[in-house]
Structures are given as C-alpha cells and as structure tokens.
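Novice: Provided below for reference: sequence and predicted model.
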Amino acid sequence: MLIPTIVTLGVLLVAGSLFVSLWTERLWFRSIDFQGVFTTVLLTRIGLFVAFGLFAGLVVGVNVWLAHRNRPNPLGLRRDDPAARYRLALAPIARIALIAASLFVAFFAGLIGSSRWETFQMWRQGTPFGQDDPHFGKDIGFYVFDMPWLTFLVSFVFSLLLITAVAVAFTHYVFGGIRLGQKGPSFSRAAQVQVAVLIGLAMLVRAVNYWLDRYAMAYDSSGLFDGIKHTGANAEIPAKNILVVVAVLCAVMFFSTIFLRSWTLPALGLGLWFLASLLIGAAWPAIMQQFQVKPSEPDREGPYLAKNIESTRAAFGVDDVETQDYSAKTELTPQELNASAEARVSTRLLDPTLISPAFQQLQQVRGYYTVQGTLDVDRYAIGDNPQPQDVIIAAREVDLDGLQASQRTWSNDHTVYTHGYGVIAAYGNKRGSQGEPQWVARDIPPTGELEFDGAPRIYFGEKSPSYSIVGRPDGAAPIEVDTPRGGGEDAAEDGGDSSANTYDGKGGVPMGTLFNQALYALKFAEPNLVLSDRVNENSKILYDRHPRDRVRKVAPWLTLDGDTYPAVVDGKVKWIVDGYTTSNTYPYSESRSLATATSDTLTDGASQIALPTDQVNYMRNSVKAVVDAYDGTVTLYEWDTEDPILKTWSKVFPGIIEPKSEISESLLQHLRYPVDLFKVQRDVLSRYHVTNAQTFYEDGERWKIPEDPSAAGSTKQPPYYLSTARPGDETPRFSLTSVYLPNNRQNLASFMSVNSEASDTEGYGKLQILELPSDTRVGGPNQIAAAFESDAGVRAALLQYEQSQNTRILRGNLLTLPVGGAMLYVQPIYIQRVGEGSYPVLQLITATFGEGVGVGQTLDEALRVALDLEEGSAPPADPEPETPAPDGDTGGEAKTAAQYLADASRYYDQAQAALEDGDLATYQQRIDAMARALEAAQKLVE
C-alpha cells in the first residue's frame, strides 16, 4: 500500500501546485484587465497538449497493440531464446504496460506541443508582408509565420514514427515476431508489414522535409553569408528536388512488402536513398563549391550577396539610413566655431552612470529609499523655455536593504515599507557651485519644475519588494510609511501619523477571502498571509511589480528593451518600456545575436538588463508599453503601424493593443528611440553600411565599435542620449549617438546618430551616418581620452587631486559631436572624496576641437580654452626662453634655468589660487606660462 500512497500524494502535490499557479495567474491577469491574454494562452496550450498528446499516444498505442495482437502462437516459441525472460515478465502486465507507455509518450508529446503555442498562433493568424522573397517568389510571411510551424510538425511526426518503429520492433522481438539468428533477423509476416509501413511513412515525411529544406535555405546561416548562395541555387536546391522523388520511391518500395514477402525492394530503396543522399545531396554541392565557386567566388556569389545586403538592411530597418561625407575639417574661425557650438549643442554634461551616488546622498531623504545605479536621460520643457532640455531622472524607490536589521520583520517588509515616493531630476547640462547636480525635481513632498497630480507614490518599480500587502479595514489607521516627516522612520507603526498612507489604487489582487489568502500563502510559502491580522477584508497583494515583468506577462511575444525609464506624464509617474517583434526566418537577412549586439559597458556592469542570446534577423520597435507607477496599469500602444508580426499578434489577442493615435501629446514628448534597437542597428551597419557587393566581399571597409575609454576592460562604448543639431538641422534635437572606428585602427571612421524625438513625426527614427575620409587623422575615443590625460593643462588641473590620498578622479562618458564641420569631443571629470557618504561631483569639463584641448568648469570655458579664445590670452607660440610672461615679466634679458624654474613655481601657485576662485581663464594662462617656463629651463639645461 506504500507505493500507491506515495504515488497518490505525488500526484496531488503536483496537481495542487499546478492549480495554485494557474489560479493565482488568473487572478493577477484579471486584476489588470488582461484576462483575455491568460485565457487565450491557457486554452491554446491545453488544446495543443491534448492534440499532440492524443495523436502521439494513439500512434504509439495502436501500433504496439497491433504488434502484440499479431504476435505468433506462443506454443511455437522456444523457451531458451534471449527474449523469453522479457516475454515472461511482460505477458502478465501487457495491457498495463501498453497503457503506461502510451500515456508516457502522450504526456511528453503534449508538453512539446504546448510549448510551441506561439509558433502555432503565428502560423494560424499570420499576416502577409506584401513582399516576395527574391528566389522563390513567396511572400515573406510564409517564411516568418508558416515555415517555423511546418518544420516543427515535420520534425515531430518524423521523430514520432521512429519512436513508434522502435517500440513496435521491440514488441515483436519480445513476443516472437522478430527472431535473431545466425543468418540475421527473421520477421513474421505481420512484423514485416508493420515495420516496413512505418519506415515507409517516415520516408514520406522525409520527402516533405526535403521539400521544406529548399525554403529553409533562404535563411540558412552557414557559409559566407546568410541565405541562398550560388551552390545552393544551382546544386543544393536541385538536389533537394531529386531527393524528394527518391524518398517517395523509397517509401513505395517499403510499402511493397504489403504484397511481397521479400525485403529486396525495401533494401534497394534504402540503398538508392543513401546513395542519392551521398552523391547528389553532399558530393555534388561540395564539388561545385570547391571547383566552380571558390576560384571565382566574388563573381559567383556577387548577385546573391547583393540580395543578402538588401534584405539585411530592410529587415533591421536601416535601408533608408542617410550617409554623408564629412571631412571633420572646418574653415570657420575660432570665434565662429565657438558660436556654432553654442548654437547647435546643448550637451548633456552629467554622466548617468556616475551621478547616482549624488542623487542618493543628496535626495535619498531616508535610508529606505534608493535610486538605480545608472540613471535615465529624458527631456522636459522647463519654465518658459519652449525648447525641451536634457534631464537626468530617477525614481525614488523603496529599498528594504536600507532598513536596519532590527526593522527587518515580515510586517515591516510587506505591510509598512511598501512604496517609493516621487522622482529626482537634474539638469543635464548644469552644475551647482560645488559641482553637485542642479535640481529640476527634488525633496518629499516634491518641489521644483515638474508638476505632479497628487502624491507621486511609486508602488510599482524596478526596486519594489517581491510582494506587499496593502489596504486597511474601514476606519483603521494607515500603516504604510509615506512622507517621512514628523514621527520619524517608524512613525507609521504608531498609527495616525501624517506620514502614513493606505493604498487606494485599483492595482493588486484582493485578499479578502480565506481562499485567496491560502492560495498566496502556498504561492509565496508564507503562513503569515493567512495568520496575520494585517491581511484583512480590504487587503490587496501587489506582486510582479517590475515594469518589464508586467509587460512580459501581458505580452509574452515581445522582446523587451533592457532600459526601462520613468517619466512624469500629466503629473503622474509612468514607466516606459520598449517592445520589439523579432524573427529569425526572414529570407536572406543576416542573423545577429541580441546579447552580442547589445552588450557594452552598461550591460556588462548590470546597469541595464542584457537581452537574451536569441539569434534574430528581423527586428522592429513595434510597441511602446507604459506602466503606471501607482496602480500598475499596463497599456500597450501600437508604434510600428506597418509591422506584420504586430498585426498578427493583434489578431491573436484582439483589443489588448491601443492604436498609435491614442498616444497623448504629453506622453509622446517622453517616448524615445530605444537603445537596444539602436545597438543592433549599429552592429548591423558596422559592415552593412557597404551596399556594393564587390566592396562588401573584399571586407576592407568594415567598421568596429570602439572600446569605452571611461571603463576598465575591453567592453564596447555604449551609445549616448543627448541633444545636438545634426548637419542640416537648425536646432538641437534629442538624439542617440555613437561612433565607429576602422576595423584595425583607432582613428575615427564615422559618426552615427538617430533622431530620438518621438514628437517629431517626420524626423523621428531617421538614421544618419557622417562618414569621414579613409585618410582622416581625427582621433577615436581612446586616442582623445589619451590626449586629455596627457594634456599639460588637464594634468595641472588634476594635479592636486592626484596627489591627494583622499580623492578619486572619475572620467565620465566621452561624447562625440559634429559641430561646424569639425568634430567636438567633450568629457566631464568628477572628483569623489574617499569616505562614507561621499559622492562624485562634476569638477571640470574637458573639450577638444582638432588639436586644441581645453579644460574649464563649464563647457563654454573649456571650448574657449580649446579654441584659444579665453579672455586676455595670446595666440599660441613656440615656447622660447625670451617669451614674455603673462604676469608682466619681460624676457628681454636672458634668464638662467634656475630663474625659469622659479617662474614656473610662481605660475603654479598663481594657477592654484585662480582655480580656488573659479577663474578658469586665468588658471589656464598661468598653467600655459608654467609649461613654457619649464620647457625653456629644459632647453637651457640641454
């Protein structure tokens, strides 16, 4: 009785766990009005499980039953043959064994079938692309929607037939239908027919597989490039056609055993198929590739490579990229160049990867609040200025790890510290007097330039607890910590304090019934959800609170961008998540690994979520998802109105995607070009900026993404959001930018940008590449970073910090901008004192135009120094011993080396005094004079 009891308990445990999971999922989806998604997915998976399981179970069960039913008379079987012991063991339980085997196969077949619910729905609801592939002339939708499902079906049926054939052969062997002898195996008539028919059916399925393989070659990723190549078009596809006929003939020869007792024809058919596969399917293409294609590969593959280039650019949305020649040289005077920079650049100086500690220390308010390690860049129209300005923004979220150990109780973790409060925002291009951020939104309750509609509480965010219990009985005092004033951190525990709050949003699953409490107690393995008095008739449970998790659950067919960002829209805090539709079966398009294409300093440092390792050869930013930070409401907005994959999923889940026209103007102001799509396009264009097949084949124009000079290691430099005016634009626009280097060099090859202002309906998403001449001497990011570090003025400005053991020098993101026909580089430098509670402050800005390097406390000062426009300065000259000193000394008389060294020391002291007064112009003059004096002394010594 022990075994049945254990089995029964195991079944009940699995069934109970499955019920808890499904029912809580149903409650969650119903709480956010997406129950249709849950129902559609569940019914599709159940239907596929039943269909595939029933089909597989019947095929195996019926065939094994036939094999057992047509077994030879047991009286004629020898008792000393090897199968006798199996026969004796299975004979008494043959029926049970048959049922068990059928159920076993049915269960796993059902699991396999149900796992392909997305493939099934895409095939069932597939939408034509309205564009044919260049070889077979079939609509691209056939490859994207039909081929994945058809190839899965063929693979499934072929595997099932092989499993069935093995099971039937084993049954015949055990019960005497197949006997092993010295002259080989002998078959009873029933065994021969049944095994031959199964193999014949498998060969027919193989013929269908050959037929589909022809189309699969359109996105084959082996060889020189993806898609059909010369050998494929002229040897492999004809070979597949021949093998289809051979496989059908082989199947007919196996079926002939129904009428003929001999294995001769099936053996001949099998030999014919094997020989054809070897000679026609393998040898013929290999010989053509080696002796016809390779000697003239550029000419033979040229037409097919051209198709690959065209399809790849179309599939990743880079076919209309605007490419311009850009010499990176200017004929403007320094004054004109500086004026151009002032008019065309609104450069974001604050580095989102470095200023999080400043936000944390200056605006954390309490230890249980936190912000992300890497902040986000957005833009807002502030005050009377109609031009939106770059803003660094972060949501102030609750952080349970910030509580003291004595505070970490179940009640505090899940019923008191339930939410964050407001956002912190700072100007992207301004700094305070001490280098600290200059706030746009700050404090609790929030003050500043951003307006909020009510209290901006954040119950759903990137740092939210795993689950919280909210809601109080009617008339009961609130207990959730809200605005931390008056009673201190634990005031909410005392009840009645003004800093406490009770959640009244529509989000969350009701917990008023014992049934729901028990369900979630099992789900989270937490008995307090049943036992605690804080779970009452008005309670709700909030979980799955990360914006990406919520969007992923309601739209599992989307690939989500790794950078989720907050925005203040109509006075409310919203999270914005970009969603992508992808495919890996777009014909002729080159596949890319999402993880490889999007990895950089931010993903390697976990500042942004890395995308999966999926291989894709088609990608569209089809959906903009918005999650309300207060009630968790998820809204999916159509973005790419032409994407057939989005149209297909809209038919699968009708009504869950809002039309693009429903996006409000206030929300549109904060939508932006997604960073991961830009990274993938950047990866594609590193080679596919070349559109000539011959040049592409030679591969001499390949570009590479530079390493990040501000990070340790060899990680790629991330793209940057900032406002700048591209050539041809009159005013700066919010853009996403990056640069390329030649494949084996460190100088700059090109500058890439995309208009990221969603409100600019005409210009949004327009990619532009400014291509520098191949002989350019404009340095790449690492060369410029090295120039900054070695510059005498910069080194002098940083000398006091380098000599101090109590400070660290942090170099921010190195920004590259085309200005006035030249190339401008800007890099902020932060200083952080060592010690608890310290944070980086923006101390200096370095900039360079061409050969000149400047440093200052503002970008304007750095540019004027770089262009030699600082007030009172003289044009640069070769330092000579007689060069007049800037403080009035004359060099008419020759000086000794000791005198020049004394001058250098005096100039250094004057420079430090100017730096303390914030007079960067005088500081730069004294540093230059010090450098001239030192060089003069060195010449005299030499």
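Specialist: Yep, it's here.
Novice: So which residues of the stretch 201-350 of the chain form strands?
Specialist: 322-325, 345-346 (DSSP state E, counting those that start in this stretch).
Novice: Quick check: which of these is buried the most?
Specialist: strand 345-346 (a mean of 22; mean count of other C-beta atoms under 10 Å). Glycine gets a C-beta too; all of them are placed from N, C-alpha and C.
Novice: give the contact list for residue 447.
Specialist: Applying C-beta atoms under 8 Å, 6 or more residues apart in numbering, we find residue 447 in contact with residue 441.
Novice: Residue 363 and residue 29: what is the separation?
Specialist: 36 Å (C-beta to C-beta, to the nearest Å).
Novice: Not counting sequence-adjacent ones, nearest residue to the most centrally placed residue in the chain?
Specialist: Among the residues of the chain, the one closest to the centroid is residue 611, at 3.1 Å (C-alpha atoms, centre = their mean). Leaving aside its sequence neighbours, residue 611 sits nearest to residue 594 (C-beta to C-beta, 6 or more residues apart in numbering; 4.1 Å).
Novice: Next: residue 251.
Specialist: Here the residue nearest residue 251, using C-beta to C-beta, 6+ apart, is residue 203, at 3.8 Å.
Novice: For that neighbour, the count of nearby residues, please.
Specialist: When neighbours are defined as other C-beta atoms under 10 Å, residue 203 has 25 of them.
Novice: now residue 184
Specialist: Residue 184: 7 neighbours (other C-beta under 10 Å).
Novice: How about the contacts made by it?
Specialist: Residue 184 neighbours (C-beta under 8 Å, 6+ apart): none.
Novice: mind checking how far it is from residue 329?
Specialist: For residue 184 relative to residue 329 (C-beta to C-beta), the value is 84 Å.
Novice: ok, now which ones touch the residue lying closest to residue 227 once chain neighbours are set aside?
Specialist: Residue nearest to residue 227 in three dimensions, not counting chain neighbours: residue 588, with 3.7 Å by C-beta to C-beta, 6+ apart. Residue 588 makes contacts with 133-134, 218-219, 226-228, 307-308, 310-312, as judged by C-beta under 8 Å, 6+ apart.
Novice: Check pLDDT for those residues and point me to the minimum.
Specialist: The lowest pLDDT within the contacts of residue 588 belongs to residue 134, with 91.
Novice: So that residue sits against residue 305, correct?
Specialist: No - here residue 134 does not reach residue 305: they are 12.0 Å apart, not a contact under C-beta atoms under 8 Å.
Novice: Where does pLDDT dip in the chain?
Specialist: For the chain, the stretches flagged by pLDDT under 70 are 74-80, 182, 343, 485-498, 870-894, 918-921.
Novice: Could you pick out the longest helix of it?
Specialist: helix 35-69 (DSSP state H).
Novice: Tell me which other helices or strands that one touches.
Specialist: helix 2-31, helix 94-114, helix 117-125, helix 147-174, helix 189-216 (3 or more C-beta pairs under 8 Å, 6 or more residues apart in numbering; DSSP states H and E).
Novice: For residue 428, find the nearest of these.
Specialist: helix 2-31 (37.4 Å; C-beta to C-beta).
Novice: Just the buried positions in that closest one, please.
Specialist: By 16 or more other C-beta atoms under 10 Å, the buried positions in helix 2-31 come out as 20, 24-25, 27-29, 31.
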